[in-house]
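Asks: here is my input; please provide its structure:
(4 chains)
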Number of protein chains: 2
Amino acid sequence: MSEIYDIETYEPRRGVGYLINRVKAEMLAVVDRELTADDQLGPLEVSSAQFVILATLSSGGQKSASDLCKGISYDAGAMTRMIDRLEDKGLLQRTRSPEDRRLVYLELTDAGKAAFPRMREISLRVLNRFLRGFSKAEARQLEAYLLRMLENAPSGA
Amino acid sequence: MSEIYDIETYEPRRGVGYLINRVKAEMLAVVDRELTADDQLGPLEVSSAQFVILATLSSGGQKSASDLCKGISYDAGAMTRMIDRLEDKGLLQRTRSPEDRRLVYLELTDAGKAAFPRMREISLRVLNRFLRGFSKAEARQLEAYLLRMLENAPSGA
DNA sequence: TGACAATGACAGCCTAGGCAACTAATGTAC
DNA sequence: GTACATTAGTTGCCTAGGCTGTCATTGTCA
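Replies: Residues are numbered from 1 along each chain as shown, chains lettered A, B, ... in the order given. Predicted coordinates for the structure are as follows:
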């Protein structure tokens, strides 16, 4: 069975890799703009990267920092600094586990819980805007394609 | 016409935005690993981000730094520093235009031209690996979906 | 129990991108 | 021709992620 791209005709600038790169960059840029322009969230100066962490944290129960890292293939050093920033903004709280003192449990503060729905709404709106013209079936198919690519990654999923 | 994601059921962690993020990160990580592990390219310490610039530069007659930035929605400041790194590695060359002395023309050096085919080969191989199990028709459809999303971006394409 | 491995969080150094301020060169309007 | 605007490139400051090494804590095994 022949490969998708072959060495004679492959143009990096037109391939799936390049396109995914571009779409990701454009989408995050729009989310960042909307977050800073929002009346409620603007003063918090929350970025799209920070929203990803809060979203992962808010879905699912009590989580340690390392659980969060494993779940999204995130670097532990980057996570430490990200938590610092979110803690400074008062959106998130660290708690040392008494059972295993190596673990740091993470929890949204009341301010974090209050701000999250609005962030979720903004990310939803931007996503829908990028999917303008898509039927629901097409969107589901796109999700399925991306999932299959993720499963082809060395880390599995 | 109803939207793709609706406010009641939307879960950021499962949407297209999150998936694109993940796929992009996993793909670039693999390309980076392959680039550093390669016998020919390893010593150059070329990153996937640097490859993107070289690929854009080597395809088509676009030459100046700002042309490059516009073509891929790239920040001008980031571009300056990227060119610095690529020039340090001897893969790329700056030339001031004599007609318009504001412009900086970019060109691959002989070393850059020599290294590029191997980079292209590696990025092709990684891309094919992530598309394992895809038919060619599915891959073309995925490309089409991503292009449509790009066209929905505020910057147009 | 004591040596050693494994784990979780963290700090330092690197590449990297976005934004704002600045400089030099060019274009435009009066 | 001078004043102003625009454009290209650069620089500084910020967030951000990857990698390596370090430290404290926990688990394992002889």
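
Asks: tell me which element A:G77 falls in.
Replies: helix A:76-88 (DSSP states H and E).

Asks: dump the helix or strand following that helix to CSV, restricted to CA.
Replies: The first helix or strand that comes after helix A:76-88 along the chain, using DSSP H and E, is strand A:92-96. Output of strand A:92-96 as CSV, limited to C-alpha atoms (Å, rounded to 0.1, in the frame of the first residue of the first chain):
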residue,chain,number,x,y,z
LEU,A,92,-6.0,28.3,41.0
GLN,A,93,-4.8,26.9,44.3
ARG,A,94,-1.9,24.5,45.2
THR,A,95,-2.4,22.1,48.1
ARG,A,96,0.3,19.6,49.3
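
Asks: strand A:92-96: partners in the sheet, and parallel or antiparallel?
Replies: strand A:104-108 (antiparallel) (DSSP bridges).

Asks: residues touching the partner strand, excluding its own?
Replies: A:54, A:57-58, A:62-65, A:68, A:83, A:91-97, A:116 (CB atoms under 8 Å, 6 or more residues apart in numbering or on different chains). For glycine as for every other residue, the C-beta is placed from the backbone atoms N, C-alpha and C.

Asks: ok, stretch A:80-89 next?
Replies: A:44-46, A:49-50, A:53-54, A:65, A:92-94, A:104, A:106, A:112.

Asks: can you do 7 Å?
Replies: Under the contact criterion CB atoms under 7 Å, 6 or more residues apart in numbering or on different chains, stretch A:80-89 has outside partners A:44, A:50, A:53, A:65, A:92-94, A:106.

Asks: grab the nearest non-local neighbour of A:V23.
Replies: Nearest residue to A:V23 in three dimensions, chain neighbours excluded: B:M149, at 5.0 Å (CB to CB, 6 or more residues apart in numbering or on different chains).

Asks: pLDDT (mean, whole number) over the helix or strand where that neighbour lies?
Replies: Using DSSP H and E, B:M149 sits in helix B:136-151. Mean per-residue pLDDT for helix B:136-151: 95.

Asks: circling back to that earlier point, now, of the contacts of strand A:104-108, which are buried?
Replies: Those of the contacts of strand A:104-108 that meet the buried threshold are A:54, A:57-58, A:63-65, A:68, A:83, A:91-93, A:116, by 16 or more other CB atoms under 10 Å in any protein chain shown.

Asks: which of those residues sits closest to DNA strand D?
Replies: Of all those, A:I83 has the smallest distance to DNA strand D: 9.9 Å, by CB to the nearest atom of the strand.

Asks: tell me the pLDDT of the closest one.
Replies: For A:I83, pLDDT reads 96.

Asks: what's the neighbour count on A:A144?
Replies: When neighbours are defined as other CB atoms under 10 Å in any protein chain shown, A:A144 has 12 of them.

Asks: please read the previous query as pertaining to A:R13.
Replies: 16.

Asks: list the beta-bridge partners for A:L92.
Replies: Applying DSSP bridges, one finds that A:L92 bridges with A:L108.

Asks: ok, it to DNA strand C distance?
Replies: Computed as CB to the nearest atom of the strand, to the nearest Å, the A:L92 to DNA strand C distance reads 11 Å.

Asks: and that residue, what does it touch?
Replies: Residues in contact with A:L92 (CB under 7 Å, 6+ apart) are A:83, A:86, A:106, A:108-109, A:112.

Asks: just the helices in chain A please.
Replies: Under the criterion DSSP state H, chain A contains helices at A:16-37, A:48-58, A:65-71, A:76-88, A:110-130, A:136-151.

Asks: now the ones you listed as a markdown table including distance to B:L142?
Replies: Below are the helices of chain A laid out as a markdown table (distance: least, CB to CB, whole Å):
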| stretch | distance to B:L142 |
| --- | --- |
| helix A:16-37 | 6 |
| helix A:48-58 | 23 |
| helix A:65-71 | 25 |
| helix A:76-88 | 29 |
| helix A:110-130 | 15 |
| helix A:136-151 | 5 |
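
Asks: what's around A:L146, how many residues?
Replies: Using other CB under 10 Å as the criterion, the residues surrounding A:L146 number 22.

Asks: try A:I20
Replies: With other CB under 10 Å as criterion, A:I20 counts 25.

Asks: I'd guessed it sits against B:K24; true?
Replies: Yes: counting by CB atoms under 7 Å, B:K24 is a contact partner of A:I20 at 5.0 Å.

Asks: and A:T36, what is it in contact with?
Replies: Counting by CB under 7 Å, 6+ apart, A:T36 makes contact with A:42, A:45.
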